[in-house]
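> how does the following fold in three dimensions:
(chains A and B)
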Number of protein chains: 2
Amino acid sequence: MSQTVTDFEVHDIRFPTSEQLDGSDAMNPDPDYSAAYVVLSTVPVDGAHGTDIEGHGFCFTIGRGNEVMAAAIEALRPYVVGRPVPRTAADLAALHRELTHDSQLRWLGPEKGVMHMAAGAVVNAAWDLAAKQAGRPVWQFLAEMTPEELVSLVDFRYLTDALTPDEALAILRAAEPGRAERVERLRAEGYPAYTTSPGWLGYTDDKLVRLAKEAVVDGFTQIKLKVGGNLGDDVRRLALAREAVGPDIRIAVDANQRWDVADAVKWMTALAPYDPHWIEEPTSPDDILGHAAVRAGQPVKVATGEHVANRVVFKQLLQAGAVDFVQIDAARVAGVNENLAILLLAAKYGVPVCPHAGGVGLCELVQHLSMFDYVAVSGSWENRVIEYVDHLHEHFADPTVIESGRYAAPSSPGFSARMLPESIAAHRYPEGPVWQARRTTEEDDR
Amino acid sequence: MSQTVTDFEVHDIRFPTSEQLDGSDAMNPDPDYSAAYVVLSTVPVDGAHGTDIEGHGFCFTIGRGNEVMAAAIEALRPYVVGRPVPRTAADLAALHRELTHDSQLRWLGPEKGVMHMAAGAVVNAAWDLAAKQAGRPVWQFLAEMTPEELVSLVDFRYLTDALTPDEALAILRAAEPGRAERVERLRAEGYPAYTTSPGWLGYTDDKLVRLAKEAVVDGFTQIKLKVGGNLGDDVRRLALAREAVGPDIRIAVDANQRWDVADAVKWMTALAPYDPHWIEEPTSPDDILGHAAVRAGQPVKVATGEHVANRVVFKQLLQAGAVDFVQIDAARVAGVNENLAILLLAAKYGVPVCPHAGGVGLCELVQHLSMFDYVAVSGSWENRVIEYVDHLHEHFADPTVIESGRYAAPSSPGFSARMLPESIAAHRYPEGPVWQARRTTEEDDR
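Next up, the predicted model:
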């Protein structure tokens, strides 16, 4: 079988979300949710056809600079086109290593920022393709691999002072016995979710209260509010939300990196009486010691990770006892392989993983990682929730399904990453009709 | 005066250095030294002319992906074109903040990797232009600012748990009395340098010994060897170098991030008998706790910084007592402003700054920062040296001048960043004649 990847398309896709203030927070007042999107394609063999023979992946950005991400993905073309279609753990390990170890491209990070996220998009597209070839959703494709195959996927460079391959193997072997039972339970019950939809900073108090109550009616047991703009406003909003949902619903708060250490301690001390479940991104995602100081300085639990650049920073957050929750992001690090490293690190330190999602397509991707974690790594969903934001799912061919506040386990083969062709066509930047129309309106307004 | 920046040109410039194995190390076997180069231009007023009205800046890369850096610089065009020509500390502070605080572009880092380096190139180009307008080399332009102006240039976000604006002001005021005397001494004696030219991993033992001896004859009191490929080779090479230069010349070694913590400890314990001055980049530049463990686990002093993403990571390296030397790089962080933050942090913790240089144009830039540090921040050059590599200086209009192992203080206005027009034309990628000729040769070889 010599089927190869024959084409590699990159698209700059943007949604004008800043018009509604959806997604607004203390650091990001006007995001236009965007994807630098890559499609690997091949030719049909053995009767395979249509989208089964494409791999889809993307980076998430919030607008400007999405074209830089697209250029970075384009730079990876030579590693992919002409390559045999990836099918096995060995194939996926090799691709991940080549993309992250190219010495010239590595210089642009190393292992962080634009170039690293681009590698992640391509790695994830390869996983989408491989899982489709196997006829499995990615969570199941992963969960059917042996512990040895899973360990082979991980780049342990810079990790061995915290986690060795042998320790990783032991973690995975310990979780082997219950796999089948947990798969069944996952399919029957779904995976716990929480919702951020009520809490954007740009929403009015009335909208916040209404959406918080709706979330509880919809079956969510945790919601999240954005904080960090103004302390008085935050106290008022958190008090309103607590009154709206009662004492038994968890309310997480999220500062989106707004504070220095002392600000975070002061702010969270003031918010603590309203029993926030965690404070997310209190300060710079690079500030391991800062997170540890925030955790030590006030009573609320600390979460971070959506902007953590790579496994080396996650390793240290765990070594330093700086976080109570690890928030992986499906599209910031170098794809499934690096997220597997992070899941294993979190399991080693006994810290629950509660993924970041939202944006565009992030819910679709990350559900696979949490479900795999439940089945084959941590073996638990206690104290674990996947973020859910009810935006832009309509653009995906296999959108997330939320029932009673839980993510239903995907059953379609692949990574749920495929955006609908009409959505891609409409939102291409700057030439798509959505953006052409917007420019015309702006000109009319002058 | 309403003079504005009227144009913004970006060039992808590459030198085929991999042909000679210059620059080869354990992580970077075949670099093609490259610059994503930006020129800000304006129109002459008041009789100013020629290159006085241009600002030059660049990012350094090692080849592939330089086009991604160029795209990132291009994304910053709207912040620059049409802007009044920057002249004062306030102008330069405003530009730095806008480039690093744009929420949509910040998402691509945050403050790290491609997008952050692009901001650095543009900030440095603005400093080049402002210093030319003032008729001063950048080191002197900086050293003539008041402590208050210097403090205003720094973004203290995420730093205040380690360094407050008041503490920074106190450091700068304490260094004020001796400024004039140190300027004189700097002009008379130059600033101490060390040379890496003998030690590239791709060189033979004979070439290493010959170049090490030549370095001593040339007046250098410190050289550097690359290590990390093979322990036996490293022991042999370090022994040969020690024999060649004698016990009084410092020999630093550089692993270019090759090791995990345990490897670094083992390797440096084996090399310690040959009295290495420091071990540079023993492990991942993101691994603050790892550097601290390496420093605690073996007897050789630890240096790092050329790949440290930003001031937040430098802050923690200092807070954790992880480094004996801080190695700033002129073109990896967000330009002069962020390097000023790092110089102040290092001064606060009493750790000497020994900049990374080499590549293409990095010696030209960073000399200004060390000289300014000597005059107005740390007030000392004890235990401090700037790296020197004798490559590619011939492409610059105002190249570094090394005399008796010391950098002569630049006297031409600006940042010494201007590459010669004929060098730019020859090395543009892929269309420049150097690259066209190389492709023709490769075709002939087939």
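
> show me where the stretch 51-200 of chain A has its helices.
Applying DSSP state H, counting those that start in this stretch to the stretch 51-200 of chain A gives helices spanning A:66-74, A:77-80, A:89-101, A:103-106, A:113-134, A:138-143, A:147-152, A:165-174, A:179-189.

> in JSON lines, list the ones you listed along with mean pLDDT and distance to B:Glu148.
For glycine as for every other residue, the C-beta is placed from the backbone atoms N, C-alpha and C. What follows is the helices of the stretch 51-200 of chain A, written out as JSON lines (pLDDT from 0 to 100; distance: least, CB to CB, whole Å):
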{"stretch": "helix A:66-74", "mean pLDDT": "98", "distance to B:Glu148": "36"}
{"stretch": "helix A:77-80", "mean pLDDT": "96", "distance to B:Glu148": "51"}
{"stretch": "helix A:89-101", "mean pLDDT": "97", "distance to B:Glu148": "45"}
{"stretch": "helix A:103-106", "mean pLDDT": "94", "distance to B:Glu148": "41"}
{"stretch": "helix A:113-134", "mean pLDDT": "97", "distance to B:Glu148": "33"}
{"stretch": "helix A:138-143", "mean pLDDT": "98", "distance to B:Glu148": "56"}
{"stretch": "helix A:147-152", "mean pLDDT": "98", "distance to B:Glu148": "56"}
{"stretch": "helix A:165-174", "mean pLDDT": "98", "distance to B:Glu148": "53"}
{"stretch": "helix A:179-189", "mean pLDDT": "98", "distance to B:Glu148": "61"}
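
> nearest to chain B, out of those?
Of all the helices of the stretch 51-200 of chain A, helix A:113-134 sits nearest to chain B, with 1.8 Å by CB to the nearest CB.

> report the distance from the closest one to the chain centre.
Centre-to-centre, helix A:113-134 and its host chain are 13 Å apart (CA atoms, centre = their mean, to the nearest Å).

> and B:Asp166, which of the helices of the stretch 51-200 of chain A is closest to it?
B:Asp166 lies closest, by CB to CB, to one member of the helices of the stretch 51-200 of chain A: helix A:113-134, at 32.3 Å.

> next, the angle helix A:89-101 makes with the closest one.
Put simply, helix A:113-134 runs at 170 degrees to helix A:89-101, going by axes from the mean of the first three to the mean of the last three CA atoms, to 10 degrees.

> for chain B, what are the nearby residues on the stretch 51-200 of chain A?
Within the stretch 51-200 of chain A, the positions adjacent to chain B are A:61-65, A:67-69, A:71-72, A:75, A:102-117, A:157-161 by CB under 8 Å from any CB of the partner chain.

> show the contacting residues for whichever residue of the stretch 301-446 of chain A sits closest to chain B.
Residue of the stretch 301-446 of chain A nearest chain B, by CB to the nearest CB: A:Val312 (4.4 Å). For A:Val312, the contact set (CB atoms under 8 Å, 6 or more residues apart in numbering or on different chains) comprises A:111, A:158-159, B:284, B:286-287, B:290.

> ramachandran coordinates for A:Leu416?
Not Leu; residue A:416 is Ser. Note on A:Ser416: backbone dihedrals following degrees, to the nearest 10 are phi 60, psi 30.

> tally of neighbours for it?
26 (other CB atoms under 10 Å in any protein chain shown).

> what's the neighbour count on the closest residue to it other than its chain neighbours?
Counting by CB to CB, 6 or more residues apart in numbering or on different chains, A:Glu364 is the residue found nearest to A:Ser416 once chain neighbours are left out, at 4.0 Å. Each residue near A:Glu364 was counted by other CB under 10 Å, and the total is 25.

> and the gap between A:Glu364 and A:Asn124?
Here A:Glu364 is placed at a distance of 11 Å from A:Asn124 (CB to CB, to the nearest Å).

> any common contacting residues for these two?
A:415, A:417.

> wait, what's in contact with the residue nearest the centre of chain A?
For chain A, A:Asp329 is the residue whose C-alpha lies nearest the centre (CA atoms, centre = their mean; 2.8 Å). Shown in contact with A:Asp329 (CB under 8 Å, 6+ apart): A:305-308, A:355-356, A:362, A:366.

> those residues: which ones sit near chain B?
Of the contacts of A:Asp329, the ones that also sit near chain B (CB under 8 Å from any CB) are A:His307.

> of the contacts of A:Asp329, which belong to helices?
Of the contacts of A:Asp329, the ones assigned to helices by DSSP state H are A:362, A:366.

> I'd like the helices of the stretch 51-200 of chain A laid out as CSV, including mean neighbour count.
Below are the helices of the stretch 51-200 of chain A laid out as CSV (neighbours: other CB atoms under 10 Å in any protein chain shown):
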stretch, mean neighbour count
helix A:66-74, 26
helix A:77-80, 16
helix A:89-101, 19
helix A:103-106, 22
helix A:113-134, 27
helix A:138-143, 25
helix A:147-152, 18
helix A:165-174, 17
helix A:179-189, 14
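
> want to throw the ones you listed into CSV with distance to A:Met419?
Shown next, in CSV, are these (distance: least, CB to CB, whole Å):
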stretch, distance to A:Met419
helix A:66-74, 14
helix A:77-80, 19
helix A:89-101, 22
helix A:103-106, 26
helix A:113-134, 12
helix A:138-143, 16
helix A:147-152, 28
helix A:165-174, 33
helix A:179-189, 25
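
> right, I'll leave it there.
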